[in-house]
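Chemist: A predicted structure for the sequence below; I have some questions about it.
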Amino acid sequence: MSGILNLVAMDSFWAYALTGVGIALALTASVHAVLFKRDPRSALLWTGLVWMLPLLGPLLYFVLGINRIRRRAVRLRGEDLPVPRAAASTVCLAAELTAHLPADARHLASLAALLDKVVPAPLLAGNRIQPLVNGDEAFPAMLEAIADARHSIALSTYIFDRDEVGLAFARALGAAVRRGVEVRVLVDATGLRYSWPSILGDLRREGVRHARFLPAFPFAHLPAINLRNHRKLLVVDGRRGFTGGLNLRVGHWLGKHPRHPVQDLHFRLDGPVVGQLQQAFVEDWQFTTGETLAGGAWFPSLPPNGAVFARGIADGPDEDFEALRWTLLGALAAARSSVRIMTPYFLPDAALISALNLAALRGVSVDIVLPSQNNLPFVHWASQAHWWQVLERGCRLWLTPPPFDHSKLLLVDDCWALVGSTNWDPRSLRLNFEFNVECYDPDFAGRLATWFEARRLGARAVTLAEVDARSFPVRLRDGLARLLTPYL
């Protein structure tokens with residue numbers, strides 16, 4: 001009898017102890033959410049979750065909800081490690097930019113002044129930037145640059161599939177290593193899981209030095225488990241750069257008739273701004289491996305090579321937190337005649353929706369081009385739940401036909417362009433490490449506007465009446481998906 005009583009007492013002790021731990025964790029998470037969450041709705045949602053899901057709720061908050069991991073990311077990147085800075089010999093002065101812009105676009109100089117305060121990198125003159133449509137144009141140009149490399153190659157990508165394209169890049173990188181070129185390859189750990197087996201074995205056999213950005217399920221870095229390096233960077237000999245939205249996978253090469261074709265935009269860059277692409281890679285590589293890349297092989301002198309004024313904008317949940325979000329808000333506020341947006345994932349927050357609507361109400365023509373068929377159905381449903389908020393104030397929304405369009409582009413007044421890896425969703429703007437380039441030049445932006453208009457003319461307009469006519473089950477589905485917006 002006494003043994004049974006002892007067992008009951010022990011069970012009661014552990015039950016009380018577990019309850020006490022659960023209450024303590026829920027109380028700690030609730031206090032943190034109340035004190036540090038910027039959005040009161042988010043604070044309320046997390047507070048309710050941690051109390052409704054004992055133990056699991058606080059765990060989810062500590063992993064996913066603590067201020068987008070900003071302080072942890074700063075420590076992870078090792079701010080105390082010195083990183084060589086690319087020379088900015090062609091830093092643009094305000095008067096130079098104003099003189100470069102057409103008379104009807106000189107108001108955009110105020111946007112450059114804003115970004116001088118938001119982005120650490122300076123605006124640089126003398127760049128040449130060439131659009132590359134799909135992998136059909138981009139991959140041959142990138143492989144040719146790798147084949148011509150003599151000193152260094154820096155490659156960073158989110159997805160590096162082990163398919164026809166991935167293997168071609170692995171072989172080209174291996175050939176560069178055998179020529180004596182210093183090669184470094186950085187692949188996001190989550191992106192590696194898109195193909196199996198991964199490309200790492202092939203890189204290893206080719207003798208290519210490589211690293212994974214934040215290995216999946218890093219126990220020591222548990223608060224950083226939701227971070228992704230979404231940047232797409234290739235810099236050859238420190239002089240020629242490539243960036244945009246293309247991952248390394250055969251799906252982007254439409255001429256090869258892949259099973260899942262994906263359209264996209266990439267860009268080739270020459271000139272001083274390439275040093276800023278290299279700077280972003282060097283910091284990520286140093287954070288991941290501890291190795292500092294410096295010297296002329298990585299950072300050569302970069303003379304002017306074109307007419308575009310450009311600036312690299314690194315964005316992430318660390319010291320560059322919300323740089324891209326401020327850039328988008330500033331660009332929308334500066335627009336006077338037109339805003340052209342192309343993005344695969346359109347999940348804007350309240351501030352961006354207001355900025356889009358204010359631009360439309362001011363008489364600015366706002367066109368938003370999205371894919372009609374998304375590769376992520378949940379994201380498409382959540383996006384549909386936002387559409388009425390921009391359509392009712394005069395923004396125009398268009399859906400492009402298949403194949404899925406992964407292109408990312410923002411044009412303002414046909415004189416300013418933002419190109420790179422960022423989507424219009426919370427993951428890109430608050431969680432991912434991204435890289436974009438802002439460009440001031442009427443010729444370059446005009447070429448992109450012509451390309452954009454061709455895509456828009458082939459797209460289908462979405463009306464507010466059509467959105468409002470969705471059936472109740474569809475609207476409910478879309479609304480529920482929208483609740484998951486911060487994690488999509």
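Modeler: Alright, I've got the coordinates.
Chemist: and the strands in the stretch 201-350 of the chain?
Modeler: 209-213, 233-236, 240-244, 262-263, 265-270, 308-315, 338-342 (DSSP state E, counting those that start in this stretch).
Chemist: from the contact counts, what lies against the fourth one?
Modeler: In terms of contact count using 3 or more Cβ pairs under 8 Å, 6 or more residues apart in numbering; DSSP states H and E, strand 262-263 is assigned the packing partners strand 404-405. The way it works is simple: take the backbone N, C-alpha and C, and place the C-beta from them, glycine included.
Chemist: other SSEs contacting the strand it packs on?
Modeler: strand 262-263, strand 365-371.
Chemist: distance to Phe242, mean pLDDT and mean neighbour count for those strands - can I get that in CSV?
Modeler: Shown next, in CSV, are the helices and strands packed on strand 404-405 (distance: least, Cβ to Cβ, whole Å; pLDDT from 0 to 100; neighbours: other Cβ atoms under 10 Å):
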stretch, distance to Phe242, mean pLDDT, mean neighbour count
strand 262-263, 17, 96, 23
strand 365-371, 23, 98, 22
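Chemist: so for Leu53, which of those strands sits nearest?
Modeler: Closest to Leu53 of these, according to Cβ to Cβ: strand 365-371, at 34.0 Å.
Chemist: could you dump that closest one to PDB, C-alpha only?
Modeler: Taking Å, rounded to 0.1, in the frame of the first residue of the first chain, the C-alpha atoms of strand 365-371 are listed here in PDB:
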ATOM      1  CA  SER A 365      -0.200  54.500 -62.300                       C
ATOM      2  CA  VAL A 366       0.400  51.400 -60.100                       C
ATOM      3  CA  ASP A 367       0.600  48.100 -61.900                       C
ATOM      4  CA  ILE A 368       1.300  44.800 -60.100                       C
ATOM      5  CA  VAL A 369       2.100  41.700 -62.100                       C
ATOM      6  CA  LEU A 370       1.800  38.300 -60.500                       C
ATOM      7  CA  PRO A 371       1.800  34.700 -61.700                       C
END
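Chemist: need the distance between the two termini of stretch 201-210.
Modeler: 10 Å (Cα to Cα, to the nearest Å).
Chemist: just the residues contacting it, thanks.
Modeler: Under the criterion Cβ atoms under 8 Å, 6 or more residues apart in numbering, residues 162, 166-167, 170-171, 173-174, 177-178, 183-187, 200 lie in contact with stretch 201-210.
Chemist: hmm, which of those residues are the buried ones?
Modeler: 162, 166-167, 170, 173-174, 177, 183-187, 200 (16 or more other Cβ atoms under 10 Å).
Chemist: flag the shaky bits of the stretch 251-400 of the chain, pLDDT-wise.
Modeler: Filtered on pLDDT under 70, the stretch 251-400 of the chain yields the residue ranges 318-320.
Chemist: how about the helices in it?
Modeler: Listed in chain order, the helices of the stretch 251-400 of the chain (DSSP state H, counting those that start in this stretch) span 274-289, 323-334, 350-361, 377-391.
Chemist: which of these is buried the deepest?
Modeler: Highest mean neighbour count of those: helix 274-289, a mean of 24 (counted as mean count of other Cβ atoms under 10 Å).
Chemist: list the buried residues for stretch 337-351?
Modeler: Under 16+ other Cβ under 10 Å, the buried positions of stretch 337-351 are 338-349.
Chemist: okay, those in CSV with distance to Arg205 next?
Modeler: Shown next, in CSV, are these (distance: Cβ to Cβ, whole Å):
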residue, distance to Arg205
Ser338, 50
Val339, 48
Arg340, 45
Ile341, 43
Met342, 39
Thr343, 38
Pro344, 34
Tyr345, 35
Phe346, 41
Leu347, 40
Pro348, 44
Asp349, 45
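Chemist: tell me the one among these nearest to Phe444.
Modeler: For the buried residues of stretch 337-351, the nearest to Phe444 is Arg340 (13.8 Å; Cβ to Cβ).
Chemist: who does the residue nearest to the closest one when sequence neighbours are not counted bridge with?
Modeler: Spatially, and ignoring its direct neighbours in sequence, Arg340 is nearest to Leu411 (4.1 Å; Cβ to Cβ, 6 or more residues apart in numbering). As for beta bridges, Leu411 partners with Arg340, Ala417 under DSSP bridges.
Chemist: what's the answer for Asn436, then?
Modeler: Ile313, Gly420.
Chemist: tell me the contacts of it?
Modeler: 243, 312-313, 315, 324, 327, 418-422.
Chemist: which pair of the residues you listed spans the longest distance?
Modeler: Thr243 and Thr327 (15.4 Å).
Chemist: which non-adjacent residue is nearest Ala175?
Modeler: That would be Ala147: by Cβ to Cβ, 6+ apart, it lies 7.3 Å from Ala175.
Chemist: distance check, Ala24 against Val50.
Modeler: 11 Å (Cβ to Cβ, to the nearest Å).
Chemist: which of these two has more neighbours?
Modeler: Of the pair Ala24 and Val50, Val50 is the one with more neighbours under other Cβ atoms under 10 Å, namely 27 against 11.
Chemist: helix, strand, or coil at the more buried one?
Modeler: helix (DSSP: H, G, I helix; E, B strand; the rest coil).
Chemist: okay, it and Leu483: tell me how far apart.
Modeler: 17 Å.
Chemist: isn't Glu434 right up against His230?
Modeler: Yes - if you go by Cβ atoms under 8 Å, Glu434 and His230 touch, sitting 5.3 Å apart.
Chemist: so for these two, which residues contact both of them?
Modeler: With Cβ under 8 Å, 6+ apart, Glu434 and His230 have common neighbours 421-422, 428.
Chemist: and those, which is the shakiest by pLDDT?
Modeler: Among the shared contacts of Glu434 and His230, Ser428 carries the lowest pLDDT, at 86.
Chemist: excluding its backbone neighbours, what's nearest that residue?
Modeler: Thr422 (4.6 Å).
Chemist: in what helix or strand does the one you found lie?
Modeler: Following DSSP states H and E, there is no helix or strand that holds Thr422.
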